[in-house]
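the following comprises the amino acid sequence and a computationally predicted model.
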Amino acid sequence: MIKSVKNNSPFNKIIFITLIFLGFIILNFISSKLYSKFDLTSDKRYSLTETTTNIVSNIKSPLLVKIYLEGDFPPEFKRLQLEIKQHLEQINSLNKNISYSFINPLGKEKKLIKNGLKPSKLAIQEQGKTSQMVIFPWATIIHKNKSINVSLLSSNAKTQEAILQNSIENLEFLFTDAIYKVTKDKKENIAVLTGNNELDFIYLDGLLKTLSQYYHLEPFPLDSANIIPQKTLKLLNKFDLAIVAKPTKRFTENEKFTLDQFQANNGKTLWLIDNVIAENDSLAKNGKNLALNRELNLTDLFFNYGARVKYNLVKDLYSSTIKLASGNIGGKTQYKDFLWHYYPLVNPNKEHVISKNIPAVQLKFASTIDTLKNDIKKTILLQSSPISKPYGIPLEYSFDEINSKPSKQNYNNGNKILGVLLEGEFKSAYKDRIQPFKIENFIPISKPNKMILIADGDIIKNEILQGKPLDLGIDKWTGIKNGNKEFLLNSIQYLLDDNGLLKLRSKNIKLRFLDKEKVYQENIFWQVINIITPLLLLVVFGIAYTFYRRKKYSD
């Protein structure tokens, strides 16, 4: 009688093992060709937005991302490194033209600094001790003959944990924004208006130098509208955005009509307006000054757009400082910082993409803005603190106010609008009026458009040190940086953005950090737990397995 082959024969075992081995090979081959990730996180941190997907998918030639975050970092920054890697893996899975590599900056410091990649100091806490290490939290994106540097660490937070939180939240925006800029062929055109005694270009250098990396900038003489109006309007309409930076000369009807039709023809405008004549220069000589109305002849224009810049000055108890001589020691003048309530330090609207994660913005002699009822959508971007108060013009102000202690009861006028975003179909100020000059295609109401109005011209003004312009937002005395530059850059990008890039900044990610003090205190306890627990589990498993075998084979 022939015996049947048992199921657990050596032959069947070999077949079973071979099938498992082949299955693993097939599974690895399929996984290498397909990339998929299921995002089960509540904040959807591993899900790419439609904006990113569209931009990345349209890249037709090789693009390389170099990340200078290879090396030995503390766990928090390993987390940043891992988040960047996972994000770039997703991008690579969408488009194989995009590749990336992590590079150790050790030994390359001088070259990186020369290329504009500034190092950062990182505080490390280990075993209750704090030390510092220098890192290069940068990425360089290269496409064809163009490259762009991307700072991976947010500078808009005070603690290291907050910096890391903001940095991870902004990763998708940073990379998508940089990829879009380095791959797009056409640069938007920005006109920096002249002809109405706007700020000299040396005071705009801090912003314009950065803008020139992404946009085509050109000064535009608006006063030519008084001589060749039709041609001036035609030339201005070739630009995508106009910057009006603290004009001090009255606008003529020809100039206003040119700006009105530029806005109606889908041009965007960034208005930075001082409605009051007030400066600190004369204070240094006389100790006091008189603030007066500055008549720019723009009230009717803004009225049609749904806003009005008032003739007043805001005093805010939450303000920045000015440096004044406080004495003389050994023949040397001593200087001290004093709070100057005419310099409001404004916290931007954290709910809007323009001002998300931006530090306080410094204004100087700002006025308030009233919003009027019409079909234009108004979004407040900048407002004074609750402990502020507007003062009517004319107003005498002096340095003597520094020595008087303000009472909060006198500054309870509440938040006042200092900057507003206007969006909608703008009605021409000349719709029911005689036009200053004739044009072929007058537009009475624009298509959906947008503009930003800030009631302070100094928001864009950088300081000068030893005859050279500083970066916008840097205080030449203290070196402290405010959020003016980031706010204006985001404002311009929002006005020109047709891809929804800034919306990526609204992404919120919650990180869970370890309590470093608790980790240090309980360090030994958890080390012992980590060593003993696996050994105990092995012992328990060994005893249970021995008991099982004895019971099975004793029957």
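Cool, got the structure.

tell me the centre residue of the chain?
With distances taken as Cα atoms, centre = their mean, the residue of the chain nearest its centroid is residue 486 (5.4 Å).

which SS state does that residue fall under?
helix (DSSP: H, G, I helix; E, B strand; the rest coil).

not counting residues beside it along the chain, what's closest to it?
residue 358 (4.9 Å; Cβ to Cβ, 6 or more residues apart in numbering). Glycine gets a C-beta too; all of them are placed from N, C-alpha and C.

distance of the one you found relative to residue 437?
41 Å (Cβ to Cβ, to the nearest Å).

what ranges do the helices span in the stretch 1-150 of the chain?
10-33, 50-57, 75-94, 109-114 (DSSP state H, counting those that start in this stretch).

buried ones in stretch 203-219?
Of all the residues in stretch 203-219, those buried under the rule 16 or more other Cβ atoms under 10 Å are 203, 204, 205, 206, 207, 208, 211, 214, 215, 217.

which helix or which strand is home to the fourth one?
To tie it back to what came earlier, the one meant is residue 206. helix 205-211 (DSSP states H and E).

any idea how far the next helix or strand after that helix is from the chain center?
Where DSSP H and E defines the elements, the next helix or strand beyond helix 205-211 is strand 216-221. Mean C-alpha position of strand 216-221 versus that of the full chain (Cα atoms, centre = their mean, to the nearest Å) differs by 24 Å.

for stretch 466-475, same thing?
20 Å.

what does it contact?
202-203, 205-207, 362, 460-464, 476, 480-486, 488 (Cβ atoms under 8 Å, 6 or more residues apart in numbering).

any chance of the backbone angles for residue 355?
Phi and psi for residue 355, reported as degrees, to the nearest 10, are phi -120, psi 10.

surely it and residue 488 touch.
No. Counting by Cβ atoms under 8 Å, residue 488 is not a contact partner of residue 355; they are 10.7 Å apart.

for the helix holding residue 206, packing partners?
helix 484-496 (3 or more Cβ pairs under 8 Å, 6 or more residues apart in numbering; DSSP states H and E).

OK, contacts around residue 141?
Here residue 141 is in contact with 63, 64, 65, 66, 147, 148, 150, 175, 178, 179, 182 (Cβ under 8 Å, 6+ apart).

who touches the last one in this structure?
This points to residue 182. With Cβ under 8 Å, 6+ apart, residue 182 has these contacts: 63, 141, 142, 143, 146, 147, 148.

got it, and the fourth one?
Applying Cβ under 8 Å, 6+ apart to residue 66 gives the contacts 100, 101, 103, 139, 140, 141, 142.

one more pass at 6 Å, please.
101, 103, 140 (Cβ atoms under 6 Å, 6 or more residues apart in numbering).

just these now: which is nearest residue 529?
The shortest approach to residue 529 among the contacts of residue 66 belongs to residue 103, at 37.6 Å (Cβ to Cβ).

quick check: the closest one touching residue 69?
No. Using Cβ atoms under 6 Å, residue 103 is not in contact with residue 69; the gap is 8.3 Å.

who's more crowded, these two?
residue 69 (22 against 17; other Cβ atoms under 10 Å).

mind checking pLDDT for that one?
With respect to pLDDT, residue 69 scores 86.

same question for residue 506.
58.

same question for residue 337.
Taking residue 337 on its own, its pLDDT is 80.

now residue 177: which helix or strand?
helix 171-183.

immediately after that helix, which helix or strand?
Sequence-wise, the next helix or strand downstream of helix 171-183 (DSSP H and E) is strand 189-194.

can you spell out which helices and strands pack onto that next one?
strand 216-221, strand 241-245 (3 or more Cβ pairs under 6 Å, 6 or more residues apart in numbering; DSSP states H and E).

what is the least confident helix or strand in this protein?
helix 516-521 (a mean of 56; mean pLDDT, DSSP states H and E).

which intervals of the stretch 151-300 of the chain have sub-threshold pLDDT?
155-160, 282, 284-285 (pLDDT under 70).

need the helices of the stretch 1-150 of the chain in TSV (columns: distance to residue 418 and mean pLDDT).
Putting the helices of the stretch 1-150 of the chain into TSV (distance: least, Cβ to Cβ, whole Å; pLDDT from 0 to 100) gives the following:
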stretch	distance to residue 418	mean pLDDT
helix 10-33	55	71
helix 50-57	30	86
helix 75-94	35	86
helix 109-114	38	86
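
would you turn these into a markdown table with mean neighbour count and distance to residue 343?
Shown next, in a markdown table, are the helices of the stretch 1-150 of the chain (neighbours: other Cβ atoms under 10 Å; distance: least, Cβ to Cβ, whole Å):
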| stretch | mean neighbour count | distance to residue 343 |
| --- | --- | --- |
| helix 10-33 | 10 | 59 |
| helix 50-57 | 18 | 37 |
| helix 75-94 | 17 | 35 |
| helix 109-114 | 12 | 34 |
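
looking at those, which is nearest to residue 445?
Closest among those, using Cβ to Cβ: helix 50-57, at 29.4 Å.

which helices and strands does the closest one pack with?
Packed next to helix 50-57, using 3+ Cβ pairs under 6 Å, 6+ apart, are helix 75-94, helix 171-183.

can you check what angle separates it from helix 75-94?
Per axes from the mean of the first three to the mean of the last three Cα atoms, to 10 degrees, the angle that helix 50-57 makes with helix 75-94 is 60 degrees.

what's the angle from helix 50-57 to helix 171-183?
40 degrees.

tally up the residues packed near the closest residue to residue 490 other than its chain neighbours, please.
Beyond its immediate neighbours in the sequence, the residue positioned closest to residue 490 (Cβ to Cβ, 6+ apart) is residue 354, lying 4.6 Å away. The tally of other residues near residue 354 (other Cβ under 10 Å) stands at 25.

what helix or strand is residue 541 located in?
helix 523-554.

mean confidence for that helix?
Per-residue scores along helix 523-554 average to 75.

can you give the distance of it from its chain's centre?
On Cα atoms, centre = their mean, the centre of helix 523-554 falls 53 Å from the chain's centre.

which parts of it are buried?
So, applying 16+ other Cβ under 10 Å, helix 523-554 has no buried residues.

ok so, going back, can I get the helices of the stretch 1-150 of the chain in JSON lines including distance to residue 420?
Formatted as JSON lines, the helices of the stretch 1-150 of the chain follow (distance: least, Cβ to Cβ, whole Å):
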{"stretch": "helix 10-33", "distance to residue 420": "52"}
{"stretch": "helix 50-57", "distance to residue 420": "25"}
{"stretch": "helix 75-94", "distance to residue 420": "34"}
{"stretch": "helix 109-114", "distance to residue 420": "41"}
